[in-house]
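Asker: Structural data only, the sequence is not supplied:
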């Protein structure tokens, strides 16, 4: 009977997930124009292109550039030029804001803390004093107080950040090389112990300027390098976090940019590359699907194809300026954006999980970052369910669609397995 109840509950949950598409789209706006916005998309239509203002009566801020779900009741948004990490409820209502991390960039979380990369050189703390850094840093926000309790210096202008086995993996760019003049482009991925906030090591990838979107599929990261925009061409990396603990030979390069990338429900990376050169003043685009475990195992000889599901490749090729790609981790529906001229309204595209174009919707300026809201009943429907013993053959993914090793599964955590949501309780 318990097994029958579990199967029925899971079936209803999957049905609800398929029936509900709810996406928060982060529009960056124009730098220094203080016009960042949230668009809210639900079941095939844009509900609002100023959702945060509708809910709270004031503007979101200047140049937001990342958004993540922290837990079932909390979402975090990095608002770069306003120097704020804004916290909201899933209904859009503002909860709190952390203002101690200037020039913040990217976010990740373990549900208790939020970790934030910053290009800045100083950071305020819960204790009333300020830390100063020669390079950039990653800060740790305690969600019980929304205050910074620790920070660790990494490389210059750190960008993407991911959490794996209690460690933070941070891609350093050195992107202010020309403006600040006292350093060159970075080529390293920093590994930081998340509990102690101490630097463990730097892995030198020998690839400059690790800037842009960084997706995670279990132990693997997809990292972009736009090169130096002149003589060093753009490229991408598949980085093996597990191997990085014991070896610096833990990544494989591919000769296409990975500017915008996302993780599919089966653990692959979908990649839209955008390479810009100041020598030509032109952009060159590429579209890829990468199976990271195969790509690493074969040292790049296989596991990469110039394909995307359904009509995605043709649709992205028709855009003026592709600006983002995302797979809903609850349903598999696919989303992408076109920034157009970077100065006017952009567009949100929606595809079915198979890649069939379902619609194109006008949004706001520079729409680049996505977050899917869990379907109604998602958390309540899962809380009483228990995962059945694993045969060891099915792959397991977290709620962002990232492949998880069996050794990394945590009791009481929700995962996706065999296209179903389970509560791991072994």
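Answerer: Nice, I can see it. Quick caveat: nothing in here was measured; it's all calculated off a predicted structure.
Asker: Off-centre distance for stretch 37-53?
Answerer: 20 Å (CA atoms, centre = their mean, to the nearest Å).
Asker: So what would you say the end-to-end distance of it is?
Answerer: One end of stretch 37-53 to the other measures 8 Å (CA to CA, to the nearest Å).
Asker: swap in stretch 303-322?
Answerer: First-to-last residue span, stretch 303-322, CA to CA: 24 Å.
Asker: so where's this protein shaky on pLDDT?
Answerer: 1-19, 377-426 (pLDDT under 70).
Asker: try 80 this time
Answerer: 1-19, 126-127, 178, 180-181, 376-426 (pLDDT under 80).
Asker: those helices in it, which residues are they?
Answerer: For the chain, the helices defined by DSSP state H cover 2-19, 51-56, 177-180, 241-244, 292-297, 312-317, 378-383.
Asker: The closest residue to residue 274 other than its chain neighbours - how many residues pack around it?
Answerer: Leaving aside its sequence neighbours, residue 274 sits nearest to residue 259 (CB to CB, 6 or more residues apart in numbering; 4.3 Å). Any C-beta I mention is one placed from the backbone N, CA and C, and that applies to glycine too. Around residue 259 there are 26 other residues, counting by other CB atoms under 10 Å.
Asker: Report the separation between residue 259 and residue 159.
Answerer: Noted for residue 259: a distance of 12 Å to residue 159, by CB to CB, to the nearest Å.
Asker: Does the residue nearest to residue 274 touch residue 226 like I think?
Answerer: Yes. Between residue 259 and residue 226 there is a contact under CB atoms under 8 Å: 7.0 Å.
Asker: Quick check: neighbours shared by those two?
Answerer: Residues touching both residue 259 and residue 226 (CB atoms under 8 Å, 6 or more residues apart in numbering) are 212, 234, 275.
Asker: Show me those residues that map onto strands.
Answerer: residue 275 (DSSP state E).
Asker: where exactly do the strands run in the stretch 1-150 of the chain?
Answerer: Assigned by DSSP state E, counting those that start in this stretch, the stretch 1-150 of the chain shows strands spanning 22-27, 37-42, 45-48, 64-71, 74-79, 84-88, 94-98, 104-109, 113-118, 122-124, 130-132, 137-142, 147-153.
Asker: Quick check: neighbours of the longest one in the sheet, parallel or antiparallel?
Answerer: Strand 64-71 sits in its sheet next to strand 74-79 (antiparallel), going by DSSP bridges.
Asker: hey, which of the strands of the stretch 1-150 of the chain is tucked in deepest?
Answerer: strand 113-118 (a mean of 26; mean count of other CB atoms under 10 Å).
Asker: ok, the closest residue to residue 320 other than its chain neighbours - contacts?
Answerer: Of all residues not flanking residue 320 in the chain, residue 340 sits nearest, at 4.9 Å (CB to CB, 6+ apart). Counting by CB under 8 Å, 6+ apart, residue 340 makes contact with 320, 321, 346, 347.
Asker: Which of those has the largest number of neighbours?
Answerer: Neighbour counts for the contacts of residue 340 (other CB under 10 Å) peak at residue 346, which has 27 neighbours.
Asker: so that one touches residue 364, yeah?
Answerer: Yes. Counting by CB under 8 Å, residue 346 does reach residue 364; the two are 6.8 Å apart.
Asker: Give the residues shared as contacts by the two.
Answerer: In contact with both residue 346 and residue 364: residue 27, using CB under 8 Å, 6+ apart.
Asker: Could you measure from the residue nearest to residue 320 over to residue 368?
Answerer: From residue 340 to residue 368 the distance is 12 Å (CB to CB).
Asker: now residue 81
Answerer: Taking CB to CB, one finds residue 81 at 15 Å from residue 368.
Asker: between the contacts of residue 340, which is closest to residue 244?
Answerer: Nearest to residue 244 among these is residue 321, at 33.4 Å by CB to CB.
Asker: ok, back up a step: what residues are shared contacts of residue 259 and residue 159?
Answerer: By CB under 8 Å, 6+ apart, the residues touching both residue 259 and residue 159 are residue 212.
Asker: Write down the beta-bridge partners of residue 26, one by one.
Answerer: Bridge pairing for residue 26 - DSSP bridges - gives residue 38, residue 369.
Asker: who's in contact with residue 28?
Answerer: 36, 63, 64, 65, 365, 366, 367, 368, 369.
Asker: Try it again at 10 Å.
Answerer: 35-37, 62-65, 79-81, 323, 339, 342, 346, 364-369 (CB atoms under 10 Å, 6 or more residues apart in numbering).
Asker: go on, residue 350?
Answerer: Per CB under 10 Å, 6+ apart, neighbours of residue 350: 21, 23, 41, 44, 328, 333-336, 356-361.
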